[in-house]
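**Student:** Pasting the sequence and the predicted model now:
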Amino acid sequence: MGKSRILVVGGTGYMGRRIVKGSLAEGHPTYILRRPEIGMDIEKLQVLLEFKRQGAVLVEGSFPDHQSLVEALKQVDVVVCTMSGVHFRTHNLLMQLKLVDAIKEAGNIKRFLPSEFGMDPAQMMHALEPGRVTFDEKMTVRKAIEAANIPRTYISANCFGGYFVGNLSQMGTLLPPKDKVLIYGDGNAKAVFMGEDDIATYTIKSVDDPRTLNKTVYIRPPGNILSQRELVQIWENLSGNTLEKTSISGQDFLALMKDADFAGQVGLGHFYHIFYDGCLTSFEIGEDGEEASRLYLEVQYKRMDEYLKLYL
């Protein structure tokens, strides 16, 4: 049996371009939705042309043009959507409902992986406002997928290394602190940190796997389950620099939301759930889920000491 033809929606984005690379590396016929809305964005166009040079097929389609989406979908077997949800007030994630409608009409898609990749929204119904909007929108998309009986796999990849590891989980920067580090509570809540390329590898491996059909794949390898204090210790060992540590209580952390803008409030809420509630590791994976590193033992995922070496 040949490998599925994969269409990546959002293939020029932060995760999208990694999904495209992962798909090509695994030998899948790889298609990328080229949206006319790219306009004059020369950097995105150059990314697309480079993927075309590497063997990807560019397929034109537009969310406002339902029939163009249907025609694009008829050329593939699997759809992986990586549209960003960071522009919270534009409701990008809900644009996937147009994909759901097109998949229903096309009738040939054997697996849909919607844009998730972070915390499992099904575990976040208690999330604080306004950050809950991300999870609510993902659940709206899930419900539409399931109501349409579309075969699916949800990917929960937890904390992206680029946003949570290089900065030792400090907000407002992407680089390691030089002198001082803020510790959330006692710093011992366990989180899950992942390299983005590994997330893409696990995602692509799941698309043709019957074990992941209609399930959530949690990318939660044991070697990358760490507390913030453990992450800081890894950096101190690598850099030879001991950082001054200041703790902030949960109450004081939430008080920061008062003066933050909308996006800042969303980020603060998510950080609170990760580093105070321990929401990424506070539940067991049930029968409707699988853990990626157990399924794909051949993947040598990057530990965070290796990830942090890039920042030395």
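**Tutor:** Alright, I've got the coordinates.

**Student:** tell me the strands in the chain, going along the chain?
**Tutor:** 6-9, 30-34, 57-60, 78-81, 111-113, 153-156, 159-160, 180-184, 190-194, 215-218, 225-227, 244-248, 289-291 (DSSP state E).

**Student:** Need the pLDDT of residue 303.
**Tutor:** As predicted, residue 303 sits at a pLDDT of 98.

**Student:** cool, residue 307 as well?
**Tutor:** Turning to residue 307, the model gives it a pLDDT of 98.

**Student:** does it really touch residue 197, like I thought?
**Tutor:** No. Taking Cβ atoms under 8 Å as the definition, residue 307 is not a contact partner of residue 197, at 10.1 Å. C-beta coordinates here come from the backbone N, C-alpha and C atoms, glycine included.

**Student:** follow-up on the earlier one: of all the strands of the chain, which gets the most neighbours per residue?
**Tutor:** Each of these was scored by mean neighbour count; the highest is strand 6-9, a mean of 28, by mean count of other Cβ atoms under 10 Å.

**Student:** Does anything pack onto it? Which helices or strands?
**Tutor:** Applying 3 or more Cβ pairs under 8 Å, 6 or more residues apart in numbering; DSSP states H and E, we find strand 6-9 packed against helix 16-25, strand 30-34, strand 78-81.

**Student:** returning to that earlier point: counting neighbours, go ahead and name the busier of residue 307 and residue 197.
**Tutor:** Using other Cβ atoms under 10 Å, the more surrounded residue of residue 307 and residue 197 is residue 307, with 21 against 15.

**Student:** Need the nearest residue in space to that one, chain neighbours excluded.
**Tutor:** Closest residue to residue 307 apart from its sequence neighbours, by Cβ to Cβ, 6 or more residues apart in numbering: residue 161 at 5.0 Å.

**Student:** check contacts around the one you found.
**Tutor:** Residues near residue 161 by Cβ atoms under 8 Å, 6 or more residues apart in numbering: 193-196, 302, 304, 307.

**Student:** any idea of the mean pLDDT for the lengthiest helix in the chain?
**Tutor:** For the chain, the helix with the greatest residue count under DSSP state H is helix 132-147. Averaging pLDDT along helix 132-147 gives 96.

**Student:** just checking, what packs against it?
**Tutor:** Other helices and strands packing on helix 132-147, by 3+ Cβ pairs under 8 Å, 6+ apart, are helix 96-106, helix 262-275.

**Student:** Can you lay out those as CSV showing mean neighbour count?
**Tutor:** Output for the helices and strands packed on helix 132-147, formatted as CSV (neighbours: other Cβ atoms under 10 Å):
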stretch, mean neighbour count
helix 96-106, 19
helix 262-275, 20
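
**Student:** Reformat the ones you listed as CSV; add distance to residue 6 and mean pLDDT.
**Tutor:** Listed next are these as CSV, based on distance: least, Cβ to Cβ, whole Å; pLDDT from 0 to 100:
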stretch, distance to residue 6, mean pLDDT
helix 96-106, 14, 98
helix 262-275, 29, 95
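
**Student:** What sits closest to the most centrally placed residue in the chain if chain neighbours are left out?
**Tutor:** Taking Cα atoms, centre = their mean as the criterion, residue 117 is the residue nearest the geometric centre of the chain, at 2.6 Å. Among residues not flanking residue 117 along the chain, residue 157 sits closest, at 4.6 Å (Cβ to Cβ, 6+ apart).

**Student:** Equivalent analysis for residue 192, please.
**Tutor:** residue 158 is the one closest to residue 192 (Cβ to Cβ, 6+ apart), at 3.7 Å.

**Student:** any idea how far the residue nearest to residue 117 is from residue 19?
**Tutor:** Distance, residue 157 to residue 19, by Cβ to Cβ, to the nearest Å: 11 Å.

**Student:** Looking at the two, which one has more neighbours?
**Tutor:** Using other Cβ under 10 Å, the more surrounded residue of residue 157 and residue 19 is residue 19, with 29 against 25.

**Student:** Roughly how far does that one sit from residue 300?
**Tutor:** Here the criterion is Cβ to Cβ. By it, residue 19 lies 19 Å from residue 300.

**Student:** do the same with residue 213
**Tutor:** 25 Å.

**Student:** Now do the domain split for the chain, please.
**Tutor:** 1-151, 158-193+221-283+298-312 (automatic domain parsing).

**Student:** Please identify the deepest-packed of the ones you listed.
**Tutor:** Most buried of these by mean neighbour count (mean count of other Cβ under 10 Å) is domain 1-151; its value is a mean of 18.
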